[in-house]
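give me coordinates for this.
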Amino acid sequence: MIKRADKRGISFDPPHLLVYFVVLSVVIVLVALAVPNIGKIGKSENIKEVEDFKAQIEEDLNPSLISGSVVKSYELPQGYDELCVVDASSVDSGDIVDKSKIQGSVVRGSLRNVFLFGDNKEVSFYVEDLALPSFPYYNCVETSEGEIELQLNNNGEDVVVKLPVNEKYCKNAEEKTLSDGRNLCNYLDSVYYQGYKGECCQEHGYCC
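Presented below is the predicted three-dimensional model:
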């Protein structure tokens, strides 16, 4: 209960109400200060992982440091389970049929050529000297273990990146059929690269 006191101001009755309001005010201030810091720490940790991943790829795709063909292993930043790469100078947005975010980036004329996808999150960035070997000039690979192997080939100007075969693409090629009843397995080598069909069979058991 609050009583109107003399001209000196307002008094609290009982007195512990004043203490309650003071403590409540302090708690509110502390929470207000703590919440932004928690969010900032969480975001900076995630950004740091992505920046480290980007720096590693940039270093590995330096043509002056690669001779012939090498295989590199990468651990995706925590929370991401899919990597997509795009040859921004060669890709046509109309050929990107299963990744609307990448298609939109290409339509806007963005040069971003590395995309990471996870549960309700995504990030993309540009890496210099990245090229893909053939049509459709973008490729994606998923991983449940967080680690991906990329084959890097120096073509004298850029570094051509070859991703492992995508199990989803292999499965779709075997299960989807044309009007004559044939599946799409025989088109994998022409759509992606020579030997893709064989790798689908060897790695995932599709299109054998």
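
where's C200, which helix or strand?
Element membership for C200 (DSSP states H and E) is helix 196-204.

ok, and what's touching that helix?
Contacts to helix 196-204, defined as Cβ atoms under 8 Å, 6 or more residues apart in numbering, come from residues 164-165, 167, 169-171, 173-174, 185-186, 188-189, 206-208. (Glycine included, C-beta is placed from N, CA and C.)

ok, of the residues you listed, which come out buried?
164-165, 167, 169-170, 173-174, 185, 188-189, 206-207 (16 or more other Cβ atoms under 10 Å).

which of the residues you listed lies closest to V97?
For these, the closest approach to V97 (Cβ to Cβ) belongs to Y169, at 11.0 Å.

measure I66 to A88 for me?
From I66 across to A88, the span is 20 Å (Cβ to Cβ, to the nearest Å).

averaged pLDDT, stretch 74-85. What do you get?
Averaging pLDDT along stretch 74-85 gives 91.

per-domain residue ranges of the protein.
1-163, 165-208 (automatic domain parsing).

please identify the deepest-packed of these.
Comparing these by mean neighbour count (mean count of other Cβ atoms under 10 Å), domain 165-208 comes out on top with a mean of 16.

mind checking the end-to-end distance for it?
Using Cα to Cα, to the nearest Å, one end of domain 165-208 lies 14 Å from the other.

kindly report the same for stretch 109-116.
19 Å.

so where's this structure uncertain?
Within the chain, the stretches falling below the threshold (pLDDT under 70) are 1-45, 144.

which of the three states applies to the most centrally placed residue in the chain?
Residue closest to the mean C-alpha point of the chain, counted by Cα atoms, centre = their mean, is L116 at 1.1 Å. Secondary structure, DSSP: H, G, I helix; E, B strand; the rest coil: L116 is strand.

kindly report the same for C140.
Per three-state DSSP, C140 ends up strand.

and it, what does it touch?
82-85, 98-99, 115, 163, 166.

one more: N155?
Residues near N155 by Cβ under 8 Å, 6+ apart: A131.

where's it relative to L65, distance?
From N155 to L65 the distance is 14 Å (Cβ to Cβ).
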